[in-house]
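[1] Sharing a sequence plus its predicted fold:
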Amino acid sequence: MSNVSNSAVRALNLEYKSLQDEPVEGFRVKLCNDDNLFEWEVAIFGPPDTLYQGGYFKAHMKFPPDYPYSPPSIRFLTKVWHPNNGDLCISILHPPVDDPQSGERIEERWNPTQNVRTILLSVISLLNEPNTYSPANVDASVMYRKWRDSQGKDNEYPNIIRKQALAGKLDAEKEGIVVPLTLEDYCIKPKSKPTNQEMALELTDFYDEDYDLDTDDDNQESGESDYGNGDDSGNGET
């Protein structure tokens, strides 16, 4: 990739490490190629208690050479019947230009304070609340509105989603991946921070390893032995 900025490499390195250390619930990310930091594969787990529950969907995220000043693009690799399938239509993924025809305010669009974490959370939100104003998949958008307006009486849209979610779950099983089905499993438990007592113990262990805290006692015992020898020699009978 030509004209790659150093700031883009630094930003992506930091974000990738952060997502490995503290993953976003419902997502797993990895590099498509270990030698290319600008293309990621995203695994998306369907949120529990939604039409997508149990689903396992893959997407491709591609970053521009001037990231984070320009937004990345996201495209589903697996079949997802969704009004915004294809290139995901999320406001924060649109360049920060004033476009009255889009119906979006410029502050809703991309800015460098956004990051991969906020994008992925927006994708989860988009699954449950599609953008039907500018759909990438018009047929899916029409079907979704029909289901929504029927208050769940028309089942064509949810039936397609459930079939795709089941197919995705089977693909995950083939890859040895366990798809979270409950909210408890779906939500990632935060790593517990050490308590003040644990930190104090760690510091004590550190100093114990690097310094001999019993030096005075050892010297005292050693000194008593020396003095004892001295006393024996000084007070011994001739």
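    Arrived safely, thanks for sending.
[2] For the longest strand along the chain, enumerate the helices and strands it packs against.
    Ranked by residue count under DSSP state E, the longest strand found in the chain is strand 36-45. The contact analysis (3 or more CB pairs under 8 Å, 6 or more residues apart in numbering; DSSP states H and E) places strand 36-45 against helix 6-21, strand 27-33, strand 56-62, helix 116-128. All C-beta spots, glycine's among them, are computed from the backbone N, C-alpha and C.
[3] rerun that using 10 Å as the cut-off
    helix 6-21, strand 27-33, strand 56-62, strand 73-76, helix 116-128, helix 156-174 (3 or more CB pairs under 10 Å, 6 or more residues apart in numbering; DSSP states H and E).
[4] Mean neighbour count, these: which tops it?
    Most buried of these, by mean neighbour count (mean count of other CB atoms under 10 Å): strand 56-62, with a mean of 19.
[5] Give me the sheet partners of it and which way each runs.
    Using DSSP bridges, strand 56-62 pairs in its sheet with strand 36-45 (antiparallel), strand 73-76 (antiparallel).
[6] hang on, the earlier thing: tell me the buried residues in the longest strand of the chain?
    Neighbour-count burial for strand 36-45, counted by 16 or more other CB atoms under 10 Å, picks out 37, 38, 40, 42, 43, 44, 45.
[7] Outline the domain layout of this structure.
    Domains of the chain are assigned by automatic domain parsing as 6-186, 196-235.
[8] ranking the ones you listed by mean pLDDT, which is last?
    Note on the domains of the chain: domain 196-235 shows the lowest mean pLDDT, a mean of 47.
[9] Buried residues of stretch 65-74, list them for me.
    Per 16+ other CB under 10 Å, stretch 65-74 contains these buried residues: 67, 68, 69, 71, 72, 74.
[10] So for it, first residue to last residue, what's the gap.
    Here the two ends of stretch 65-74 are set 15 Å apart, with distance taken as CA to CA, to the nearest Å.
[11] quick one: buried residues of stretch 142-153?
    143, 144, 145, 147.
[12] Alpha carbons of that stretch, as CSV, please.
    Taking C-alpha atoms only, stretch 142-153 is exported to CSV below (Å, rounded to 0.1, in the frame of the first residue of the first chain):
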residue,chain,number,x,y,z
VAL,A,142,-38.7,-3.6,1.8
MET,A,143,-39.1,-7.0,3.5
TYR,A,144,-37.8,-5.6,6.8
ARG,A,145,-40.3,-2.7,6.8
LYS,A,146,-43.1,-5.1,5.9
TRP,A,147,-42.2,-7.3,8.9
ARG,A,148,-41.8,-4.3,11.2
ASP,A,149,-45.1,-2.6,10.1
SER,A,150,-47.0,-5.9,10.6
GLN,A,151,-45.8,-6.0,14.2
GLY,A,152,-44.3,-9.4,13.7
LYS,A,153,-47.2,-11.0,11.8
